[in-house]
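1. Here is the input, now give the coordinates:
(chains A, B and C)
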Amino acid sequence: MSDALSQRLFDELNQLVLIDPHTHINPLSPASTSLADILGYHYYTELAHSAGMPRARIEEQGLTPKEKVGRLVEGLGHIDNTVQFSWLLEAARELFGIDVERIDASNWESVFDAAQAKFDQTDWEEQVLRLSGLESVFLTNDFDDSLAGFDTQRYVPCLRTDELVFHFWRDQVRQRLEAASSISIHTLGDLAAALVQRFEHFCSRGARACAISLPPSFSPVQVSECDAEAALSQLMSSSEASADSRQVLGYWVFWQLAQNCQRFGLPFDLMIGVNRAVYPSGVFQGQDLYDSRVSLIQYQELFNAFPQVTFPISVLASVTNQELVSYAWIFPNVVCNGHWWYSNTPSFISKDLQARLEAVPRNKIVGYYSDMYKLEFALPKFAMFKRCLASVLSNHFVQGMGWTETRAIELGQQILRGNVQRLFY
Amino acid sequence: MSDALSQRLFDELNQLVLIDPHTHINPLSPASTSLADILGYHYYTELAHSAGMPRARIEEQGLTPKEKVGRLVEGLGHIDNTVQFSWLLEAARELFGIDVERIDASNWESVFDAAQAKFDQTDWEEQVLRLSGLESVFLTNDFDDSLAGFDTQRYVPCLRTDELVFHFWRDQVRQRLEAASSISIHTLGDLAAALVQRFEHFCSRGARACAISLPPSFSPVQVSECDAEAALSQLMSSSEASADSRQVLGYWVFWQLAQNCQRFGLPFDLMIGVNRAVYPSGVFQGQDLYDSRVSLIQYQELFNAFPQVTFPISVLASVTNQELVSYAWIFPNVVCNGHWWYSNTPSFISKDLQARLEAVPRNKIVGYYSDMYKLEFALPKFAMFKRCLASVLSNHFVQGMGWTETRAIELGQQILRGNVQRLFY
Amino acid sequence: MSDALSQRLFDELNQLVLIDPHTHINPLSPASTSLADILGYHYYTELAHSAGMPRARIEEQGLTPKEKVGRLVEGLGHIDNTVQFSWLLEAARELFGIDVERIDASNWESVFDAAQAKFDQTDWEEQVLRLSGLESVFLTNDFDDSLAGFDTQRYVPCLRTDELVFHFWRDQVRQRLEAASSISIHTLGDLAAALVQRFEHFCSRGARACAISLPPSFSPVQVSECDAEAALSQLMSSSEASADSRQVLGYWVFWQLAQNCQRFGLPFDLMIGVNRAVYPSGVFQGQDLYDSRVSLIQYQELFNAFPQVTFPISVLASVTNQELVSYAWIFPNVVCNGHWWYSNTPSFISKDLQARLEAVPRNKIVGYYSDMYKLEFALPKFAMFKRCLASVLSNHFVQGMGWTETRAIELGQQILRGNVQRLFY
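-> Numbering: from 1, shown residues only, chains lettered A, B, ... in the order given. The predicted model follows:
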């Protein structure tokens, strides 16, 4: 932080205990078990790969964690300018007690060992949550997840539905849905019933959201039962489903999801704008990109059809942020949600956040989620966001608009925690 | 303002008496008559609605002004972060003499009464204009407005043409045009004559601009007389006009408007990018949104066809601002005009304004218009803009480029007032 | 520079001797011969024209340099706010030793004469290069350029290929290719051989890049030999080539260029997003604009097909910058290249540069190229960029991330020079 006021605001905001409303945590193994879990995060593998390291070197089978880290460290020099790299240093400092400016051949083994000493403590998970100021963490669960074996108060189930909308035509997906729901799917009615069963299952286990990521081309409309029945029938009878039938049925399933969100009172998180496998030779989870030519006008019919469903919306490209601001300013059921993936760097966050705070009702802005795969990333990612937030509160609200610091902090608290509580609980 | 230099520049710019080149003022009732006129501005009703207040509660028929204000005040707590809310506080402070940080259940009645005491003064209109530093105000007049009963020096007529381009196929619009022009419309020649008559009428009453708002899909081309005649004939003979015929005739009318702008020496204000009634259940005037995927390349043929017509252009989405900068930098007849609607918040204004001031000739930038419905909004809206302008002048020109303060102020004056005078008079 | 830290960083970066990786310098006449060469730069003629000066007045045949400058000076008052105008003042100050705030009727002749005294010195070219800290300069050579008569170490050939991809169907272009390659083109094989011959010629003369500018609609795919052969045959046999055949052959040629880049180890500079002759009545080189609705997804197939080719990419519109950041973060062969044309103003540079430095590996960012036609513009254009760079290094890296100044300077040096060396040599 470059000034005292921002620092004071940051320090106050940093006291809050938070709920992280979107992550990919595995509740059965939430914390890292070696530094390879940290450096194996796709941000580091894809950036190291982009900077020149061959995929085969990164993803060779059978590497020990230490070998894997040793290899990735060779690529860190090229990415030490990135904010993603700074998360690593901040996690090392705040969680592992290691304060270094670089991680390179000279020091990585000592970092590895110091981190390992932490990971090996039996209460490491508890320590990370406490150090990170985290009370609970939303998950991303497959539709056929049993949701068993973990504390669903701490690790909150969320129903992820990409496969149902985009890949139901695959036999495997249909069979998984049949198995999970104990409903044999022959008709549209069967499919509807299986979906309802999944919502019942998730809600009985405390689910707080339904979520989906969507490609830029997705432009959902309500399709008639008749058209959907025909599409389903075509998909079930033919080994090669037509793209048209897939799309018709996908839209129908999507509409069913929205109806179930209404019926079960779940917010429907829309994560808009990702194209999958644009770079198929990329590393694991480092293959997706986007076409920034997308508009929320594509969701006009949906927003109008489901006034009782809350849609927390994430946009992948910052050029869509103004639309998100405007749609959240007009539609009661549209909420701004976090700063997603390729927009999750300080200059995009600051710009997008200020635009939201200037024009969207304060009760409709969910400040941030970490999107993390391992608990250790909540601290540095939320810290990055809080710095951006403190800076906007300082510059725009306190200095620009004449607000008191207390009032600015209250706004920050609502963005960081209050709205998560209000919208998802 | 967060620094002394910006404050000095603001204070100097704030001395200027201005012409507001685009508003929706009703010249027969330009000022508010109660606080309900202020809080009834669509910015407050739509934001309160978006934040959770039912439309029926806001728009119930038969409410007294005081009841209406009382209801809207309940929603203000959720929108006190917005810049739109800050306009209300600034108007209250500068115009009504009430300096409060919030308007809530505890104080709204005293605000209502204090404001009412002002509104009830017989010279309130004069007072507002004087306090706001306003010399004259451009209107938005229907094509069949008689333009009678007011001082057209102060309230300057502008011919608004959306209905002629987009709804001429409606019997009612055609009949209104026939009645206003006293020309019976059977042929394209009749329609052309009726349009000319309207320009003559407006210019005889001192009109200074022709204006239109346009959807993102609008991509006007010159259509042949033959095609237009066929479209008109189809529209006149059939109760159901085809979308094609409507579009062909719309483009033809649009081209006629541009030709009349050339003939009568009027600038043609293009307000590009709005989709109407995206959210039909929204409050009055709170239903329109947009698709930010629009390009000025859609106007290439127009700009080339009418080199003598000045086109002051407003873009709805900030992502189109760079195109506006570039087109104004190349086309002599393209002028940057204000910061419209969803782009009318400080972070978009600052960014868009700086881009314009860096690369567009200084005689081709119209800084701002208020777009207001009641006179009381000019002061806070222009103040918001002047703060952004003072900040860009301070940071970029004085500190960055080494300009003297005097030179920076001269540039600001030209943007705020000089160019309005030069381009519209 | 508005603060001491930024100034210190700028001063350090300003010590570097640079390679300019993209210009339009004529190596046989690299420096200006009169101030008309400076003021005749399209930035000044197009801005003066846009601000009101008739094209005929600017482009009248037979004007002496002094007459031409005298006329253009009349238009400078309207554009003295632009950053392009500031280049002129900075060049005058740093290269000609003339420190003025304005150039107008009162002083232009003395500026003209003082500049002329410099231009007339026999070692002026050497002086400019030394004063500008330039070691070498990349050119933009037509495919049939003999590349003879100049020092190719200093003026580095680059193969510009727009004509081959977009205008090969013109007899004149084919004939020029035949003449240059000494290959008579009847079949696709002939055309392939002629292209190879051109790469051989360019590489034998030290070429360091192949380059092309592309319209927003360009969406290249690999076309079959069979389709390309048919298209070529249709083009050769008919005076009127179909748009389809032109496009098919254009894509095929483009793919050939990429294959030759791979074979000859040349980076392939893609300059994405320009529409030519949008304003045909504009001044020379002041007629091109763009449609900002373009996406790098259009190049997905290309980036995947040529993993060994480095693609330094320039985007014309700043709204495409986030895509460039994301694609460079994922694809090893995608590199961010400079700030092109309509994005080459401080606010776009600062925003786009910070986004790149936050998320793209540091070895994949080519900071800047001047795009100049005369050597005198390198100094002010690079100075503008270095100020933006110093400011981002200061605010984000030193103050925001806690970097030492030394580390920030090293990053700046790599961006400015190191990566040019690594990627093109």
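2. got the CA positions of the host helix or strand of A:Arg198 in PDB?
-> Per DSSP states H and E, A:Arg198 falls inside helix A:188-204. Extracted in PDB, the C-alpha atoms of helix A:188-204 (Å, rounded to 0.1, in the frame of the first residue of the first chain):
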ATOM      1  CA  LEU A 188     -38.000 -35.500 -20.500                       C
ATOM      2  CA  GLY A 189     -40.000 -36.100 -17.400                       C
ATOM      3  CA  ASP A 190     -37.400 -38.600 -16.100                       C
ATOM      4  CA  LEU A 191     -34.700 -36.100 -16.800                       C
ATOM      5  CA  ALA A 192     -36.600 -33.400 -14.900                       C
ATOM      6  CA  ALA A 193     -37.200 -35.700 -12.000                       C
ATOM      7  CA  ALA A 194     -33.500 -36.600 -11.900                       C
ATOM      8  CA  LEU A 195     -32.500 -33.000 -11.800                       C
ATOM      9  CA  VAL A 196     -35.000 -32.300  -9.000                       C
ATOM     10  CA  GLN A 197     -33.600 -35.200  -7.100                       C
ATOM     11  CA  ARG A 198     -30.100 -33.800  -7.300                       C
ATOM     12  CA  PHE A 199     -31.300 -30.400  -6.000                       C
ATOM     13  CA  GLU A 200     -33.000 -32.200  -3.100                       C
ATOM     14  CA  HIS A 201     -29.800 -34.100  -2.400                       C
ATOM     15  CA  PHE A 202     -27.600 -31.000  -2.500                       C
ATOM     16  CA  CYS A 203     -30.000 -28.900  -0.400                       C
ATOM     17  CA  SER A 204     -30.400 -31.700   2.200                       C
END
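3. Okay, buried residues for that helix please.
-> Using 16 or more other Cβ atoms under 10 Å in any protein chain shown as the test for burial, helix A:188-204 gives A:Leu188, A:Asp190, A:Leu191, A:Ala192, A:Ala194, A:Leu195, A:Val196, A:Arg198, A:Phe199, A:His201, A:Phe202, A:Cys203. Every residue, glycine included, has its C-beta placed from N, CA and C.
4. can you check stretch A:127-140 too?
-> Residues of stretch A:127-140 classed as buried: A:Val128, A:Leu129, A:Ser132, A:Gly133, A:Leu134, A:Ser136, A:Val137, A:Phe138, A:Leu139, A:Thr140 (neighbour count, 16+ other Cβ under 10 Å).
5. helix, strand or coil for the residue nearest to A:Ser295 when sequence neighbours are not counted?
-> Distances taken as Cβ to Cβ, 6 or more residues apart in numbering or on different chains place B:Asp291 nearest to A:Ser295, at 4.3 Å, with adjacent residues excluded. Taking DSSP: H, G, I helix; E, B strand; the rest coil as the rule, one finds B:Asp291 in the coil state.
6. How about the contacts made by B:Asp291?
-> A:Ser295, A:Ile297, B:Pro216, B:Ser217, B:Gly273, B:Asn275 (Cβ atoms under 8 Å, 6 or more residues apart in numbering or on different chains).
7. tell me the phi and psi of it?
-> Main-chain dihedrals, B:Asp291, degrees, to the nearest 10: phi -120, psi 120.
8. Many thanks, we can stop here.
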